[in-house]
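Undergrad: Could you work out the structure for the sequence below:
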Amino acid sequence: MLSSRGRPRRAWLGVAGAYTASAILVIPIYWLLVTSIRQPAELQSATTLWPTEPNFEGYASVLGDAAFGQNLINSLIYGAGAAAMAILLGAGLAYALARSEARWTRWVLFGMLVLQTFPGIMLAIPLFVMFSQLQLIDSRWAVVIALATKTVPFTALMLRPYFQAIPVEVEHAAWLDGATRLQTLVRVVLPLTLPGLVTVSAFNFVAGWGDLLFSITLLTDPALQPISVGLYRYIGQYAVDWNQLMAASVIASIPAVAVFFFAQRFLVSGTTAGATNE
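TA: Numbering: from 1, shown residues only. Predicted coordinates:
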């Protein structure tokens, strides 16, 4: 049995460990920021933790690049498209699986769970062949649909516990008032699962925003490529423009950070809800 004196000590050690781990995780972010504002002469022989004279030319060059702006717009389209398609298809699938009493439901869930373990490259090549036949190569729809092969099963798996936690009597009351099953889902059930919807939408948006594999496989037109592919412009054959590359990386990370910042109050309840459900 743990003594009363030992409990505060263990709590203190846990807090210290959490802060230490957080500090270690912050180091790459700090180095990214510092490298983006160092003088070119300091990049190879920096001896200080902070540049003696900050240099913001990399940010000015990146923000003045029209191609970089187009890459950001494309990433926004792919992120929003992946999140929207996942909710449209995944929420309905999750609701059907939550209310289904068929024996094969568990096998469907198992299949979707296995699909999440597949490396993206296993899907990229078959999708490339299929989209080539459908003449969808160099199309934004191709990337959004490819992302949906990962985000829709993920959304269904995440939202199913939410729907299971909603009493069926709530839906019966809506049906007695004359609502159809679709109206009940949209107007009654989905609003009750708002934390889950925000959580999965945040994760799906970030997955679409940072996608590299599907974008580099299905797109050859630079005007359609997202920021994850556009960053390679700053990596030359014989040299790397570190100022611009790091500045572009910092800017590219802001939308993903902003999404999680605004969704943070939903994330804890969203990721833990349904943890005790079967």
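Undergrad: tell me the centre residue of the chain?
TA: Most central in the chain under CA atoms, centre = their mean is residue 206, positioned 2.5 Å from the mean C-alpha point.
Undergrad: quick one, what contacts that residue?
TA: Residue 206 makes contacts with 79, 256, 259-260, as judged by CB atoms under 8 Å, 6 or more residues apart in numbering. Placement of C-beta: from N, CA and C, glycine included.
Undergrad: Likewise for residue 49?
TA: Shown in contact with residue 49 (CB under 8 Å, 6+ apart): residue 34.
Undergrad: picking that back up, by neighbours, which of the contacts of residue 206 wins?
TA: residue 79 (25 neighbours; other CB atoms under 10 Å).
Undergrad: quick check: mean pLDDT across stretch 252-262?
TA: Averaged across stretch 252-262, the pLDDT comes to 88.
Undergrad: Which of the residues in it are classified as buried?
TA: Buried residues in stretch 252-262, defined by neighbour count with 16 or more other CB atoms under 10 Å: 252, 255-256, 259.
Undergrad: Let's have the residues you listed in a markdown table, adding secondary structure and distance to residue 24.
TA: Shown next, in a markdown table, are the buried residues of stretch 252-262 (DSSP: H, G, I helix; E, B strand; the rest coil; distance: CB to CB, whole Å):
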| residue | secondary structure | distance to residue 24 |
| --- | --- | --- |
| 252 | helix | 23 |
| 255 | helix | 25 |
| 256 | helix | 20 |
| 259 | helix | 24 |
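Undergrad: out of these, who's nearest residue 152?
TA: residue 259 (19.1 Å; CB to CB).
Undergrad: need the contact list for the closest one.
TA: Counting by CB under 8 Å, 6+ apart, residue 259 has contacts 202, 205-206.
Undergrad: nearest to residue 10, of the contacts of residue 206?
TA: residue 260 (29.9 Å).
Undergrad: what pLDDT does residue 6 get?
TA: 54.
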